[in-house]
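Enquirer: Just to be clear, the model below is a prediction. Sequence and coordinates:
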Amino acid sequence: MKHFPIFLNLEGRKVVLSGGGEAALAKLRLILKTEAVVTVFAPDAAPEIRDWAAQRRLTLIERPLRAGDTVGAALFYAADEDDTEDARTAALARTDGALVNIVDNLHDSQFITPAIVDRDPVTVAIGTEGAAPVLARAIKTDLEERLPASLGTLARIGKGFRTMAEKLPFGAARRTFWSDYYFNAGPRAIGGGERAVEAALDDLLHDHLTRKARPGHVDLVGAGPGDPDLLTLKARKALDQADVVIHDRLVTPEILELARREAILIDAGKQGFGKAMAQEDINALIVEHGLRGHHVVRLKSGDPTVFGRLDEEVEAIEAAGLPYTIVPGITSASAAVAGIGQSLTKRGRNSAVRFITGHDTKGYAEHDWRALAEPGQVAAIYMGKTSARFVQGRLLMHGADPATPVTVIENASRADQRVIATTLCALEPTLTDAALSGPALIFLGLAPRAASAAAQSFVPNQEAL
C-alpha cells in the first residue's frame, strides 16, 4: 500500500487549484463538499466556476499561478490539463510546502483523491492507487445504492448524542445501543423528522440503562488452516463483534487483521515440546474476560473440535455460568488434501481415514500401529514434525510397507504452502533435510496427484530413497 488512507480536516484551511476546465470542475465538485477555503487560479475559467465565485463558494483569480500563491495551502491541485503548466505550478506549490496532486499524473502526485460516497458525516472513500478507476467507480455505484440517504442524518444526530451514550459501560453494552439505534430505532423514527429521531434516542438510552447487564459470551472459533478466504461467515462475524480475541500461535496475521480494531488481542500460543501458556491459564483468561461482560473469541487454528482441547475450555466456561457457541473451522487435513489434489477416502482404496496426533501431553502419542500399518490405510498426522522418526519406526516395526507413500504439507492453504512427496522408509531424514519452519501435516498412504503442480514442492535426497 503506497497511499495511506486518511481523512484530512480541511475546515477553514486553504486549498488552491490551478485550472479552469473540465479537470478543474471535476476536482472542485468534490472539494466544495468540504469546509475548506478554496482559491482557483484560471485566466479562462468555466462558467460553473464563475458561478461558484459569484456565490462566494470559492475565490477566483483570473491569472496564472505565481510564486507565493500557495503559501499556507494544505492541498494544491494542478488541473490545467497541460503537462508543462502542471509541472510549473506543481513545483511552485511544493516549494511553498503544499501537498500536490497533478490531475491524471499519479507518478508525480503526492496524494490522490479517492472516489467518495457522501452521506455526510458518513463518508466512504474508495481508492485503487490509480490502478483501476473503473473498478473504484463501480464500487462507489454499488455502495450508493446500498446506503440510504437518511444515513447521514442519523449519523449527524448520533454524533451529538455520543456524550450521553457514555453513561453506558464501555464495550458490548455501548455497541449494542448504537446497533439498536442505527439499524432499528433510528430508521423507524426518521420519517417523523429530526425531533422524532432525537426522542427515539432518549427512549432507547433509557431502555438500555435500565436493562439488566448482559453476561459475556464466548465464541470458540475455528480459524481454519491459515488462508483468510477459508474462514466461515460465522467466524468472520464473531471476529467483527469481539471485545477480546485469545488466539493460538498458528493463527495467521491476515486473520487477526479481521478482528475488530478495538479488540484486545491475546497470544495464548502453544508449541509442541516448547514454550506454551498452560491450559489452565488459558481457561482462566477466557472466564475472566467473559465474566467482565466481554464478547470473547477463543480463536483456534483449524477446527476447535480436532485436537483443540475444546472440552477443557468448555468445561471451564460452563463452570463459570457463561454462554458459549462453537464455530467450526476447516481443519488442516481438509485443506492439505485439497492442496495435493487428493481425497481422504476413495472407493477400493480406503473406507475410513484416521486423524491422529504425533504427540500428546505425555510425549509421543501411541496408536494402533498394527492397524495403521495395514495396506491401503490413510491417516492424517497432526503435530507430527517432531515425532516423525518415532511414527516411522513404529509403523515399520509393525510391518508397514517401506514404500508406502507419505506426503508432508507445510503451511497448508497459505501462499507459502510447500509439498514434500516421499515414502515411509525415507520420511526421515527427508523431513529433517527439508528444514520445515511452519505448521505441517503428514499424510500416510497418500501421494500428491501432481506434485509438480503443488506450490514450492521439495525434492528429497535421492540417496535416502
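Expert: Good, I have the coordinates.
Enquirer: so which strand or helix has the residue nearest to L135 when sequence neighbours are not counted?
Expert: Leaving aside its sequence neighbours, L135 sits nearest to T128 (C-beta to C-beta, 6 or more residues apart in numbering; 5.8 Å). Bear in mind the C-beta positions are built from the backbone N, C-alpha and C, glycine included. Following DSSP states H and E, there is no helix or strand that holds T128.
Enquirer: T128 contacts A136, correct?
Expert: Yes - with contacts counted by C-beta atoms under 8 Å, T128 reaches A136, the gap being 5.0 Å.
Enquirer: Looking at these two, which one has more neighbours?
Expert: For T128 versus A136, neighbours defined as other C-beta atoms under 10 Å are more numerous around A136 (19 against 16).
Enquirer: Local confidence estimate at the more buried one?
Expert: Among the per-residue scores, A136 holds a pLDDT of 88.
Enquirer: repeat for K33
Expert: pLDDT, K33: 91.
Enquirer: what pLDDT does the nearest residue to it once chain neighbours are set aside get?
Expert: Leaving aside its chain neighbours, K33 sits nearest to D118 (6.2 Å; criterion: C-beta to C-beta, 6+ apart). Looking at D118, its pLDDT reads 86.
Enquirer: got the buried residues for stretch 257-273?
Expert: Neighbour counts using 16 or more other C-beta atoms under 10 Å place L258, A259, R260, A263, I266, A268, G269, K270 of stretch 257-273 among the buried residues.
Enquirer: what do you get for stretch 330-341?
Expert: I330, T331, S332, A333, S334, A335, A336, V337, A338, G339, I340.
Enquirer: Find the nearest non-adjacent residue to the last one, please.
Expert: What that stands for is I340. Computed as C-beta to C-beta, 6+ apart, the closest residue to I340 that is not its neighbour in sequence is P448, at 3.9 Å.
Enquirer: Please apply the same query to the third one.
Expert: What sits nearest to S332 in space, not counting adjacent residues and going by C-beta to C-beta, 6+ apart, is P225, at 4.4 Å.
Enquirer: can I assume that neighbour is in contact with G339?
Expert: No - P225 lies out of contact with G339 (C-beta under 8 Å); the separation is 9.1 Å.
Enquirer: give me the low-pLDDT residue ranges for the stretch 301-450 of the chain?
Expert: The model of the stretch 301-450 of the chain has pLDDT under 70 over residues 450.
Enquirer: Quick check: K159 touching P121?
Expert: Yes - between K159 and P121 there is a contact under C-beta under 8 Å: 6.3 Å.
Enquirer: tell me the SS of the one residue sitting closest to the centre of the chain?
Expert: Nearest to the mean C-alpha position of the chain, counting by C-alpha atoms, centre = their mean, stands L258 at 3.0 Å. On the three-state scheme (DSSP: H, G, I helix; E, B strand; the rest coil), L258 is labelled coil.
Enquirer: And the helices in the stretch 51-200 of the chain?
Expert: Listed in chain order, the helices of the stretch 51-200 of the chain (DSSP state H, counting those that start in this stretch) span 83-95, 133-146, 151-160, 162-165, 172-180, 186-189, 194-210.
Enquirer: For G321, which of those helices is the nearest?
Expert: Nearest to G321 among the helices of the stretch 51-200 of the chain is helix 172-180 (17.0 Å), distances taken as C-beta to C-beta.
Enquirer: Does anything pack onto the closest one? Which helices or strands?
Expert: Applying 3 or more C-beta pairs under 8 Å, 6 or more residues apart in numbering; DSSP states H and E, one finds that helix 172-180 contacts helix 162-165, helix 194-210.
Enquirer: where's that helix relative to the chain centroid, distance-wise?
Expert: 22 Å (C-alpha atoms, centre = their mean, to the nearest Å).
Enquirer: How about stretch 137-145?
Expert: Centre-to-centre, stretch 137-145 and its host chain are 21 Å apart (C-alpha atoms, centre = their mean).
Enquirer: Please save the CA atoms from that stretch in PDB.
Expert: Taking C-alpha atoms only, stretch 137-145 is exported to PDB below (Å, rounded to 0.1, in the frame of the first residue of the first chain):
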ATOM      1  CA  ARG A 137     -16.500   3.900  -9.700                       C
ATOM      2  CA  ALA A 138     -18.300   0.500  -9.800                       C
ATOM      3  CA  ILE A 139     -17.800   0.000  -6.100                       C
ATOM      4  CA  LYS A 140     -19.000   3.600  -5.500                       C
ATOM      5  CA  THR A 141     -22.100   3.000  -7.500                       C
ATOM      6  CA  ASP A 142     -22.800  -0.200  -5.600                       C
ATOM      7  CA  LEU A 143     -22.400   1.500  -2.300                       C
ATOM      8  CA  GLU A 144     -24.600   4.500  -3.300                       C
ATOM      9  CA  GLU A 145     -27.400   2.000  -4.000                       C
END
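Enquirer: Now it: buried residues?
Expert: Under 16+ other C-beta under 10 Å, the buried positions of stretch 137-145 are I139, K140.
Enquirer: all strands of the stretch 301-450 of the chain, in order?
Expert: For the stretch 301-450 of the chain, the strands defined by DSSP state E, counting those that start in this stretch occupy 324-327, 354-357, 359-360, 363-364, 379-382, 405-410, 418-423, 440-444.
Enquirer: check contacts around the closest residue to D243 other than its chain neighbours.
Expert: Sequence neighbours aside, H294 is the residue nearest to D243 in space, at 3.9 Å (criterion: C-beta to C-beta, 6+ apart). Residues in contact with H294 (C-beta atoms under 8 Å, 6 or more residues apart in numbering) are G171, A172, G216, D243, V244.
Enquirer: correct me, but the fourth one touches L265?
Expert: No - judged on C-beta under 8 Å, D243 makes no contact with L265 at a distance of 11.0 Å.
Enquirer: Any figure for the gap between D360 and Q392?
Expert: 18 Å (C-beta to C-beta, to the nearest Å).
Enquirer: For the two, indicate the residue with more neighbours.
Expert: Neighbour count, other C-beta under 10 Å: between D360 and Q392, Q392 has more, with 22 against 13.
Enquirer: re the thing from before, ok, and the most crowded of the contacts of H294?
Expert: If you count neighbours using other C-beta under 10 Å, the busiest of the contacts of H294 is G216, which has 25 neighbours.
Enquirer: Need the pLDDT of the nearest residue to that residue once chain neighbours are set aside.
Expert: Computed as C-beta to C-beta, 6+ apart, the closest residue to G216 that is not its neighbour in sequence is G290, at 3.7 Å. For G290, the pLDDT comes out at 92.
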